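[1] I would like to see how this sequence folds:
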Amino acid sequence: MTDLTTTYMGLSLRSPIVPSASPLSRNLDNIKQMAEAGAGAIILYSLFEEQIDQEAMLLDDILMDQQDRYAEMTDFFPEPQIFRRDEMAYLDLIRDAKAAVEIPIIASLNGYSEGGWTRYAKVFEQAGADAIELNLYYIPTSHRLTGAQVEDLYLNVLRNVKDEVSIPVAMKLSPFFSSIPHITTMLSRSGADGLVLFNRFYQPEIDIEAMASKRSLVLSTSDELRLPLRWIGLLHGTLDASLALTTGVHTPEDVIKALLAGADIANVCSVLLKDGIEKLEDLVKGVDLWLERHDYASVAEIKGILSHQQTPNPAAFERANYVQLVGSDGF
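    Below you'll find the predicted structure:
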């Protein structure tokens, strides 16, 4: 068997295939199954800023209601604790997962603003998490908000978390920045240990009969690999941060492409939701077989050899590829 080990944010992983944050990791048995199938690490489901804020407001409402009715009764209520129901369940899962498997456990925080929710990164570390993934799902809707201000939000959240923890921190980004090289460089300089490209936002659908918007979950396909593949290839070798490719990884060939472009790991989600956790084992075996068939002894030998810096055809990552394709007779 070839050497599938890789390094991500300073963590040694036995394989480059890492399940990303999803409902699958809410269950300890699923976490064990993913580890047994060959996952290099596991990113737990996200704890959302809204969950933290909602529970805090609910407790405040209860206390205020009782205070208005019977002021003396508030003495019987304990002081609000730093951990509430959702947080306690999350911390318990971190501890249980660390005790159950031997691969790194990466906790996930999902938010949209600067605020107190970022303090939970510290308690994740105290519970035993090996790293933190910050997923800022932020959609600017104000006409007064500039691109620079949006970038500052990401940078400030990262700095706040880095001030609190000593474990590695990854930033999961969307592809909608005006300059991907600039924001990734600034995040790397501000202490991001890893960059995850790209977050796949779930877009609303419109029901034309009910005349209303509706939620719609559409799983990714391998065709969506091309966007993160391009930017991983362009950024490889230019940053201190590790690179994770996410969105569109469904086959062993997709994992190989991610590694050739320069990714340290390939995140998988939709394929596991669609085909089951057992698909992980097929991916690991498929990567191993490809390396062996092409006479490579390790993942390290192929990482980044087709990135923008190393490929014999750098134009494939640039505008020239578009011009050549559109201008060809076969278009």
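[2] Now do the same contact list for the residue most central in space within the chain.
    Central residue of the chain (Cα atoms, centre = their mean): residue 172, 4.9 Å from the mean position. Residues near residue 172 by Cβ atoms under 8 Å, 6 or more residues apart in numbering: 133, 134, 135, 136, 196, 199, 246. C-beta: built from backbone N, CA, C; applies to glycine.
[3] Does it fall in a helix, a strand, or a coil region?
    Under the three-state scheme (DSSP: H, G, I helix; E, B strand; the rest coil), residue 172 adopts strand.
[4] Ok, residue 188 next?
    The local conformation at residue 188, judged by three-state DSSP, is helix.
[5] these two touch, right, it and residue 239?
    Yes: the criterion here is Cβ atoms under 8 Å, and residue 188 meets it with residue 239 at 4.5 Å.
[6] Give me the common contacts of these two.
    Contacts common to residue 188 and residue 239, judged by Cβ under 8 Å, 6+ apart, are residue 195.
[7] ok, back up a step: can you lay out the contacts of residue 172 as JSON lines showing neighbour count?
    JSON lines is the format used below for the contacts of residue 172 (neighbours: other Cβ atoms under 10 Å):
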{"residue": "133", "neighbour count": "26"}
{"residue": "134", "neighbour count": "27"}
{"residue": "135", "neighbour count": "22"}
{"residue": "136", "neighbour count": "20"}
{"residue": "196", "neighbour count": "28"}
{"residue": "199", "neighbour count": "19"}
{"residue": "246", "neighbour count": "27"}
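[8] Need the worst-confidence member of those.
    pLDDT across the contacts of residue 172 is lowest for residue 136, at 87.
[9] can you pull the contacts of the closest residue to it other than its chain neighbours?
    Residue nearest to residue 136 in three dimensions, not counting chain neighbours: residue 154, with 5.8 Å by Cβ to Cβ, 6 or more residues apart in numbering. By Cβ under 8 Å, 6+ apart, the residues touching residue 154 are 136, 138, 171, 173, 183, 187.
[10] again, 10 Å this time
    114, 134, 136, 138, 171, 173-174, 177, 183, 186-187, 190, 192 (Cβ atoms under 10 Å, 6 or more residues apart in numbering).
[11] now, among the residues you listed, which is nearest to residue 103?
    Distances from residue 103 to these, taken as Cβ to Cβ, are shortest for residue 134 (20.6 Å).
[12] now the helix or strand that contains that closest one, how far from the centre of its chain.
    According to DSSP states H and E, residue 134 maps onto strand 131-136. Between the centre of strand 131-136 and the centre of its chain there are 7 Å (Cα atoms, centre = their mean, to the nearest Å).
[13] partners of it in the sheet?
    strand 105-111 (parallel), strand 169-173 (parallel) (DSSP bridges).
[14] Let's have those in a markdown table, adding mean pLDDT and distance to residue 128.
    Below are the strands paired with strand 131-136 laid out as a markdown table (pLDDT from 0 to 100; distance: least, Cβ to Cβ, whole Å):
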| stretch | mean pLDDT | distance to residue 128 |
| --- | --- | --- |
| strand 105-111 | 94 | 7 |
| strand 169-173 | 97 | 16 |
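[15] circling back: residue 109: which of the contacts of residue 172 is nearest?
    residue 134 (5.5 Å).
[16] Buried only: go through the contacts of residue 154 for me.
    By neighbour count, with 16 or more other Cβ atoms under 10 Å, the contacts of residue 154 hold 134, 136, 171, 173, 174, 177, 183, 186, 187, 192 as buried.
[17] Just list the residues touching the last one, thanks.
    It refers to residue 192. Residue 192 touches 9, 134, 154-155, 158-159, 161-162, 168-171, 173, 184, 186, 239-242, counting by Cβ under 10 Å, 6+ apart.
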